[in-house]
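# Pasting the sequence and the predicted model now:
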Amino acid sequence: MNRIGVFGANGRMGRALLEVISQDNNCQLSAFCRTGSDLIGFDLGPTTMGAKGPILLKSEQNINHNEIDVLIDFTLASGLKNHLADAVKNKTAMVIGTTGLTENEMLALEQASKTIPIVFARNFSVGINVLLSLVKTAATTLDENIDIEIFEAHHRNKIDAPSGTALAIGEAIADAKGWQHDKVAKFDRSSDEVAKTQNEIGYSVLRAGDIVGEHTAYFATMGERLELTHKASSRITFAQGAVRAAAWLKNKPPGLYTMQDVLSLHD
Ligand SMILES: NC(=O)C1=CN([C@@H]2O[C@H](COP(=O)(O)OP(=O)(O)OC[C@H]3O[C@@H](n4cnc5c(N)ncnc54)[C@H](OP(=O)(O)O)[C@@H]3O)[C@@H](O)[C@H]2O)C=CC1
Ligand SMILES: O=C(O)C1=N[C@H](C(=O)O)C[C@H](O)C1
């Protein structure tokens, strides 16, 4: 039995996680929300597909770590900071999908992984993790001077931009090319006075309506263009990946693991 605690259980991803965990007979669920939230004590059972009984929201301040194997975090950087500190203090494993982290926040995550096992992924879908391998092949096989651009589209409520996934795709390409990502990433062309240069990864972003998540990596040269696209049509796909990661992580030694590790997708 995998005993899983979900932070931000009333969020978009929180709700998807509740649905997936409720339908998994190998999982036992605890649902947490922000300290002081009006929703503490609220029953999410009646609105969670597959729930076999009440799902009472508890304050994240009152986690009984003896009853949890893995905590899953899809919140915001401000929430993750506290959740990580609490997990380290109690030596509880974490699966983290929260994006928009700064360099310092990433360093804190790496530091925490010296004490607890962590799976961190900016996208838990299997498709995107396959795409991360495919873009490396494209980057190293196609014309050396190929133009590389990444486009992403998400729902109107998404805060961070470009998405964590878009950055992960760009970093995978930069890595394969032997480039330093922060030197080649191009986020804004509005003040450019010259044309696009080579050794550049351009990013563009769309925020509209209820788009779950779409990413395209473009590799273009004179005469041909390769487009590698992934479209997520339901958050359940991310939630399933995160629950799979939680089961994989249970009883692993401390370390920072990726979804590529969970899926054995190494080159
Ligand atoms: N890696 C992946 O595969 C995926 C990652 N994501 C990422 O997951 C994150 C959440 O996305 P989404 O579910 O759409 O966002 P929502 O805004 O719908 O949900 C966020 C949840 O986090 C809680 N939260 C926010 N700040 C804090 C805090 N300081 N302390 C405690 N709880 C907090 C919110 O609580 P409250 O309601 O009280 O504000 C809410 O329950 C984003 O970073 C997103 O990019 C999303 C999808 C897939
Ligand atoms: O906020 C979202 O919704 C998503 N965020 C992740 C990201 O930033 O890449 C993953 C997914 O695309 C959905």
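In hand now; what should we look at? Ligands and ions are numbered 1, 2, ... in the order given.
# Can you measure across stretch 39-50, start residue to end residue?
21 Å (Cα to Cα, to the nearest Å).
# List the buried residues for it?
40, 42, 44, 48 (16 or more other Cβ atoms under 10 Å). C-beta coordinates here come from the backbone N, C-alpha and C atoms, glycine included.
# Ok, stretch 98-106 next?
98, 99, 100, 101, 105.
# Tell me, how many residues neighbour the residue in the stretch 1-150 of the chain that ligand 1 sits nearest to?
Among the residues of the stretch 1-150 of the chain, residue 11 lies nearest to ligand 1; the distance is 2.2 Å by Cβ to the nearest ligand atom. Neighbour count for residue 11, taken as other Cβ atoms under 10 Å: 18.
# try residue 202
18.
# In the sheet, which residues pair with it? Tell me.
Note on residue 202: beta-bridge partners by DSSP bridges are residue 149, residue 186.
# Please give me every residue in contact with it.
Contacts for residue 202 were tallied using Cβ atoms under 8 Å, 6 or more residues apart in numbering; they are 147, 148, 149, 150, 186, 189, 196.
# If we use 10 Å, what do you get?
When contacts are counted by Cβ atoms under 10 Å, 6 or more residues apart in numbering, residue 202 touches 147-151, 170, 184-189, 196, 218.
# re earlier: could you measure the residue of the stretch 1-150 of the chain closest to ligand 1 against residue 238, distance?
12 Å (Cβ to Cβ, to the nearest Å).
# how about residue 180, what does it touch?
Taking Cβ under 10 Å, 6+ apart, we find residue 180 in contact with residue 174.
# Kindly report the same for residue 221.
142, 143, 144, 145, 146, 147.
# can you tell me if stretch 146-158 touches ligand 2.
Yes - Stretch 146-158 comes into contact with ligand 2 (Cβ under 6 Å from any ligand atom), by way of 154, 158.
# Show me the domain layout of the protein.
Domain segmentation of the chain under automatic domain parsing yields 2-120+235-262, 126-232.
# for those, which one ends up most surrounded?
The highest average neighbour count among the domains of the chain, using mean count of other Cβ atoms under 10 Å, belongs to domain 2-120+235-262 at a mean of 19.
# gap between the two ends of that domain?
16 Å.
# any bit of it sitting next to ligand 2?
Yes - contact between domain 2-120+235-262 and ligand 2, assessed by Cβ under 6 Å from any ligand atom, occurs at residue 99.
# what mean pLDDT does that domain have?
Averaged across domain 2-120+235-262, pLDDT comes to 96.
# how far out from the middle of the chain is it?
Relative to its parent chain, domain 2-120+235-262 has a centroid offset of 12 Å by Cα atoms, centre = their mean, to the nearest Å.
# do the same with stretch 171-184
20 Å.
# just the helices in the stretch 51-200 of the chain please.
For the stretch 51-200 of the chain, applying DSSP state H, counting those that start in this stretch gives helices covering 77-90, 103-112, 126-141, 164-177, 181-184.
# Now tabulate those in a markdown table and tack on distance to residue 156.
Shown next, in a markdown table, are the helices of the stretch 51-200 of the chain (distance: least, Cβ to Cβ, whole Å):
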| stretch | distance to residue 156 |
| --- | --- |
| helix 77-90 | 20 |
| helix 103-112 | 24 |
| helix 126-141 | 21 |
| helix 164-177 | 17 |
| helix 181-184 | 28 |
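# Of the ones you listed, which is nearest residue 21?
With Cβ to Cβ, the closest approach to residue 21 among the helices of the stretch 51-200 of the chain belongs to helix 77-90: 17.3 Å.
# and the angle from the closest one to helix 103-112?
20 degrees (axes from the mean of the first three to the mean of the last three Cα atoms, to 10 degrees).
# other SSEs contacting helix 77-90?
strand 70-73, strand 93-96, helix 103-112, strand 117-120 (3 or more Cβ pairs under 10 Å, 6 or more residues apart in numbering; DSSP states H and E).
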